[in-house]
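Undergrad: whatever this is, show me its structure:
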Amino acid sequence: MPVVFSYDFDGADSWHLNKLQCMLERLGWERVGGTAYRYPPLSNTPATEDWFNRVVPALMLFRAHVLAHSLQLSKFSLDIQTSTGLNVAATVGVAPIHANPATGFPLDTPTNPSHFGVSNLRNWIDSITTPYPDAPPP
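TA: Now for the predicted structure:
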């Protein structure tokens, strides 16, 4: 069951649009037209969507890019008809994993890979931290 995300900007140039397209495609989203994307791709029907490693990072990175570059987001739509989860005992779903290559973090090859580098994406995902890094006192 898909997640469909579409957006529009007032005055965004092709540099920003290409970065966003490449970023979404690297995280496994399929471009279905203009600035509309679908996860999972039509050709992929997983038992559960990988929200921790594909959906949530894509939406967080989109938000971060819009804010960092002061883009004027004029419209967006996020339509979700999905079910996801994790059951380790039943080997269903995917837990959150580090983005470094050793973990097998899933990245796809985008239409134009030069617009968003793999190492930049892996570094960004692995640099997200909690604002409470210490454990509570005993």
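Undergrad: what segments of the protein are strands?
TA: Assigned by DSSP state E, the chain shows strands spanning 3-9, 30-33, 36-39, 73-80.
Undergrad: middle-most residue in the protein, spatially?
TA: residue 58 (1.9 Å; Cα atoms, centre = their mean).
Undergrad: how many other residues sit next to the residue nearest to it when sequence neighbours are not counted?
TA: Leaving aside its sequence neighbours, residue 58 sits nearest to residue 27 (Cβ to Cβ, 6 or more residues apart in numbering; 4.5 Å). No exception for glycine: its C-beta is placed from N, CA and C like everyone else's. The tally of other residues near residue 27 (other Cβ atoms under 10 Å) stands at 26.
Undergrad: where's residue 27 relative to residue 56, distance?
TA: Going from residue 27 to residue 56 by Cβ to Cβ, to the nearest Å gives 10 Å.
Undergrad: joint contacts of those two?
TA: Counting by Cβ atoms under 8 Å, 6 or more residues apart in numbering, residue 27 and residue 56 have no common neighbour.
Undergrad: circling back: residues contacting the residue nearest to residue 58?
TA: Neighbouring residues of residue 27 by Cβ under 8 Å, 6+ apart: 39, 53-54, 57-58, 61, 107-108, 121.
Undergrad: same thing but at 7 Å, please
TA: Applying Cβ atoms under 7 Å, 6 or more residues apart in numbering, we find residue 27 in contact with 54, 57-58.
Undergrad: can you give me the helices in this structure?
TA: Using DSSP state H, the helices of the chain run over 14-26, 56-68, 118-127.
Undergrad: so can I have JSON lines of those helices showing distance to residue 134 and mean pLDDT?
TA: Listed next are those as JSON lines, based on distance: least, Cβ to Cβ, whole Å; pLDDT from 0 to 100:
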{"stretch": "helix 14-26", "distance to residue 134": "31", "mean pLDDT": "94"}
{"stretch": "helix 56-68", "distance to residue 134": "23", "mean pLDDT": "95"}
{"stretch": "helix 118-127", "distance to residue 134": "18", "mean pLDDT": "91"}
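Undergrad: with adjacent residues omitted, what lies nearest to residue 87?
TA: Nearest residue to residue 87, sequence neighbours excluded (Cβ to Cβ, 6+ apart): residue 93, at 6.3 Å.
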